[in-house]
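Engineer: predicted model, plus sequence, below.
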Amino acid sequence: MSYINFLGVGSAFSIERGGNCSAFTYYENNSLLLFDCGETVLKKIISEGILKDISSINILITHFHSDHIGSLGSLIFYCDYLGISNVNIIYPKVKKMLEVIKLFGVDKANFKILLPEEVEDFKIETYNQEHSHMESFGYLCKFDETTIYYSGDTKSVPPEIIKKLLKNEIDYLYHDIHEYGNNYHISIDELAMQIPESLRHKVWCMHLSDEISDKKILKLGFNIVKPFK
Ligand SMILES: [Zn+2]
Ligand SMILES: [Zn+2]
């Protein structure tokens, strides 16, 4: 079973996969960690009642493509409307994030922008990604007993992450993939070249286009993330 839940598992143009990649986990009572916040995510957060009884939300952003941050402004407003007291947007560049949030028209809502290393409830390590010209980050999140890696969009896996996986220091590795690979995403074959078959059961493929073959992913020994509910 996947450690985190996915609201949508598709790539930017996917219709069938539930569009827009965004995942969440309740890591403590009343506390939620959300990975990215793409265009269609807020609708799902509201319709599935994801924020019911939540008093603290950490939103970890990988990069500024709209399939990853399209709902962010409205989500901040929605948290404010619900009276959630602790809303943290987590990104390695605070000034840039503030500019983006201001462009969304968010001014008076209650939120903080934190660096990944400032998060206290669990530990986050940041990894630079290669995603064409777009700055993008992957994150290693260490909870009490579980360590997960969540790629931003990227055409490569950082060598340190492969090493950690080989040393059994990662329990769940979530990675975007593409059927052929391009300047934005790694191909499923390239991912298979980098990760030995014996460890692929720890790898969860996400950000899937409608064209990619589930059969091929599963045959290689990887997992595929499924939409929540
Ligand atoms: Zn992207
Ligand atoms: Zn994307």
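Structural biologist: Perfect, thanks for sending it. Ligands and ions are numbered 1, 2, ... in the order given.

Engineer: how far away from the center of its chain is the lowest-mean-pLDDT helix or strand in the chain?
Structural biologist: Every helix and strand of the chain was ranked by mean pLDDT, DSSP states H and E. The lowest is strand 22-28, at a mean of 80. Counting by Cα atoms, centre = their mean, to the nearest Å, strand 22-28 is centred 10 Å from the centre of its parent chain.

Engineer: and stretch 33-45, by the same measure?
Structural biologist: 10 Å.

Engineer: partner residues bridging the residue nearest the centre of the chain?
Structural biologist: For the chain, the residue nearest the mean C-alpha position is residue 35 (3.6 Å; Cα atoms, centre = their mean). Beta-bridge pairing for residue 35 (DSSP bridges): residue 23, residue 60.

Engineer: quick check: it touching residue 7?
Structural biologist: No: counting by Cβ atoms under 8 Å, residue 35 sits too far from residue 7 to count as a contact (9.8 Å). (C-beta placed from N, C-alpha, C; glycine too.)

Engineer: mind listing the shared neighbours of those two?
Structural biologist: Common contacts of residue 35 and residue 7 (Cβ atoms under 8 Å, 6 or more residues apart in numbering): 22-24.

Engineer: state the pLDDT value of the nearest residue to residue 28 once chain neighbours are set aside.
Structural biologist: Once flanking residues are discounted, residue 28 sits nearest to residue 121: 6.7 Å by Cβ to Cβ, 6 or more residues apart in numbering. pLDDT, residue 121: 91.

Engineer: I'd guess residue 121 is in a strand, am I close?
Structural biologist: No: looking at residue 121 with DSSP: H, G, I helix; E, B strand; the rest coil, it is coil, so not inside a strand.

Engineer: list every C-alpha atom in the least confident helix or strand of the chain, with coordinates, as CSV.
Structural biologist: Extracted in CSV, the C-alpha atoms of strand 22-28 (Å, rounded to 0.1, in the frame of the first residue of the first chain):
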residue,chain,number,x,y,z
SER,A,22,-1.1,16.0,-5.7
ALA,A,23,-0.7,13.8,-2.7
PHE,A,24,-1.3,14.0,1.0
THR,A,25,-0.8,12.2,4.3
TYR,A,26,-2.2,12.8,7.8
TYR,A,27,1.1,12.5,9.7
GLU,A,28,-0.3,13.3,13.2
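
Engineer: can you pull out the helices in this protein?
Structural biologist: With DSSP state H as the criterion, the chain has helices at 41-47, 66-69, 72-82, 94-103, 159-166, 188-194, 214-219.
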